[in-house]
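Engineer: take this sequence and fold it.
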Amino acid sequence: MRDEQAITRGPRAYAGFVAIGLIAGLLSGLFGVGGGTVIVPLLVLLLGFDQRLAAGTSLTAIVPTASVGVISYAVSGSVAWIPALILAAGAVVGAQIGSRLMPRVSQRALRWGFVAFLLVVLVSLFLVIPSRDSVFHLTWLNGAGLVLVGILTGVIAGLIGVGGGVVVVPVLMVVFGTSDLVAKGTSLLMMIPTAVSGTVGNLRHRNVDLAGALIIGVAACTTTALGAWLATLIDPATGNILFAAYLVAIAVQMSIKAIRSR
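Structural biologist: Next up is the predicted model:
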């Protein structure tokens, strides 16, 4: 059914894929997020995807999008490679834990908990302004912290389908004192192995619209570099305000889902 659904869509649907990709790519490069918080709701609202198929398609589209984003940030030296791999290892483990816990945990309670987390992050973004000159020095202590952050990110992603940059970017800036650009570049690198791992499982369960994911991913690649370039032009304080506005949109989205859920 899903393969037929991908084939029989008309021009309007493919135009929708392109538009979704362009928006997701710009936000991905600008904020260091995967774009799933944009792709999933738009696929559901505009193109009638069910939630699970939308999440799987989004995760697949994130792979090329994040790859272009990493290259864009790496050009300016704004990627912490080893910390990103540590985060990714934790996230892969956490995603497995989250997917196993999903049937046993109240989705409504999880969503409200995530909204509360976002509110704490929003406040902290106005209290801590990252320095562009700060350098991430990896130690055993903050390495262990990165593992915990990665696992937490993976669990959240596995439970409610939201995570990645929304969690990692503010934590790297606020808790680890990383510059905003390094936080974004590192977040994008972390997403690649995590998204590949999730995509393999989704393909096995046929939870991916490959045609849609390919179009969205290619379209997103055309604007990701632009978003990353814009991020270098915006000062950290303004970047925090814009990121806070993005998190407010996600918090509202999560709140609506929580209110509608039983």
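Engineer: quick one: mean pLDDT over stretch 252-262.
Structural biologist: Stretch 252-262 comes out with an average pLDDT of 80.
Engineer: buried set for that stretch?
Structural biologist: By 16 or more other CB atoms under 10 Å, the buried positions in stretch 252-262 come out as 253, 254, 257, 258. For the C-beta atoms, the positions are set from N, CA and C on the backbone; glycine is no exception.
Engineer: in helices, which of the residues you listed appear?
Structural biologist: Mapping those onto helices (DSSP state H) picks out 253, 254, 257, 258.
Engineer: run through the stretch 51-200 of the chain and note the low-pLDDT ranges.
Structural biologist: Low-confidence segments of the stretch 51-200 of the chain, defined by pLDDT under 70: 99, 102-103, 158, 161-163.
Engineer: just the helices in it please.
Structural biologist: 51-75, 81-101, 107-127, 140-160, 165-174, 180-204 (DSSP state H, counting those that start in this stretch).
Engineer: pretty sure residue 94 contacts residue 149?
Structural biologist: No - if you go by CB atoms under 8 Å, residue 94 and residue 149 don't touch, sitting 9.4 Å apart.
Engineer: picking that back up, most packed of the helices of the stretch 51-200 of the chain?
Structural biologist: Mean neighbour count (mean count of other CB atoms under 10 Å) peaks for helix 165-174 among those, with a mean of 26.
Engineer: not counting it itself, show me its contacts.
Structural biologist: Outside helix 165-174, the residues that touch it by CB atoms under 8 Å, 6 or more residues apart in numbering are 28, 31-34, 37, 87, 117-118, 121, 124-125, 128, 130, 136, 149, 152-153, 156, 178-180, 182-184, 186-188, 190-191, 243, 247, 250.
Engineer: report the inter-axis angle for that helix versus helix 140-160.
Structural biologist: Calculated by axes from the mean of the first three to the mean of the last three CA atoms, to 10 degrees, helix 165-174 forms an angle of 160 degrees with helix 140-160.
Engineer: next, give phi and psi for residue 235.
Structural biologist: Per-residue torsions, residue 235: phi -70, psi 160 (degrees, to the nearest 10).
Engineer: what is the burial count for it?
Structural biologist: Number of residues near residue 235 (other CB atoms under 10 Å) recorded here: 10.
Engineer: from residue 188, how far off is it?
Structural biologist: Residue 235 sits 21 Å away from residue 188, going by CB to CB, to the nearest Å.
Engineer: out of everything not next to it in sequence, what's closest to residue 101?
Structural biologist: Distances taken as CB to CB, 6 or more residues apart in numbering place residue 159 nearest to residue 101, at 6.2 Å, with adjacent residues excluded.
Engineer: hang on, the one you found packs against residue 100?
Structural biologist: No - between residue 159 and residue 100 there is no contact under CB under 8 Å: 9.8 Å.
Engineer: which neighbours do the two share?
Structural biologist: The contact sets of residue 159 and residue 100 do not overlap (CB under 8 Å, 6+ apart).
Engineer: now do the SS call for the most centrally placed residue in the chain.
Structural biologist: Nearest to the mean C-alpha position of the chain, by CA atoms, centre = their mean, lies residue 34 at 3.3 Å. Here residue 34 is coil, with the state taken from DSSP: H, G, I helix; E, B strand; the rest coil.
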